[in-house]
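Enquirer: fold the following and give me the result.
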Amino acid sequence: MGLKERLDELEDKYFGEFEENRESVLPELQQLYGDTIRAGQEQRDEFEDEVWERMGGVFLPYLFWYELSTFDPEKSERKGIQRILRAFANSSFEDEEKKKFKPLLITYFAMEKEFEVDRLKTKVIDHTHKTVQEWFVGLMNFREKNRTSADMYIEKFSLLKSYIPDFELFNLPVTKLKERLAEV
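Expert: Presented below is the predicted three-dimensional model:
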């Protein structure tokens, strides 16, 4: 079975009979993505191209995690970040995905150069629905007004970026996160 057919199957499973079911597809999507990463860049690109607009954007926070894990404000290309954020802004924009994106975006905004954040706002965010714009601007303002908290998000992500995405761990306070990682 090819990638497109497998994703079609997962999309059918996600939408189910009555409502969206994230839990039924996320483990399989993570496994499939891991397989494509191990298979090489071409397969990874194919997976990412296919999954952007599927299942209401349920996998976008995971793609952003992987993108952010290699991000360097001095060297990184930003097209991948812009593409994910554009897809997210135009997705179903569900609370569950917003909850996962929030700490990642605060981390990104705290790491990124001011010029690039302004550019992202102009190129992507300003072209979205008003409620989406307000949500993004709220996170940008949080970063500006709460630099210490934003720095903690950077510290937490630096501890977790080499792991598979785990949003529950990411939401722990820094000390609890360090304790939990020491147990592993």
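Enquirer: and this structure, what are its domains?
Expert: 1-58, 63-184 (automatic domain parsing).
Enquirer: ranking the ones you listed by mean pLDDT, which is last?
Expert: Set side by side, the domains of the chain show their lowest mean pLDDT on domain 1-58, which sits at a mean of 90.
Enquirer: determine how far it lies from the middle of the whole chain.
Expert: In terms of Cα atoms, centre = their mean, to the nearest Å, the centre of domain 1-58 is set 15 Å apart from its chain centre.
Enquirer: ends of that domain, how far apart?
Expert: 22 Å (Cα to Cα, to the nearest Å).
Enquirer: could you pull up the residues touching the residue nearest to the spatial centre of the chain?
Expert: In the chain, the residue lying closest to the centroid (Cα atoms, centre = their mean) is Pro61, at 2.4 Å. Contacts were defined as Cβ atoms under 8 Å, 6 or more residues apart in numbering; by that measure Pro61 touches Phe88, Glu97, Lys100, Phe101, Leu104, Pro165, Phe167. Every residue, glycine included, has its C-beta placed from N, CA and C.
Enquirer: can you give me the buried ones in the helix or strand harbouring the second one?
Expert: Element membership for Glu97, per DSSP states H and E: helix 95-111. When neighbours are counted by 16 or more other Cβ atoms under 10 Å, the buried residues of helix 95-111 are found to be 97-98, 100-111.
Enquirer: and that helix, how far from the chain's centre?
Expert: In terms of Cα atoms, centre = their mean, the centre of helix 95-111 is found 7 Å from the chain centre.
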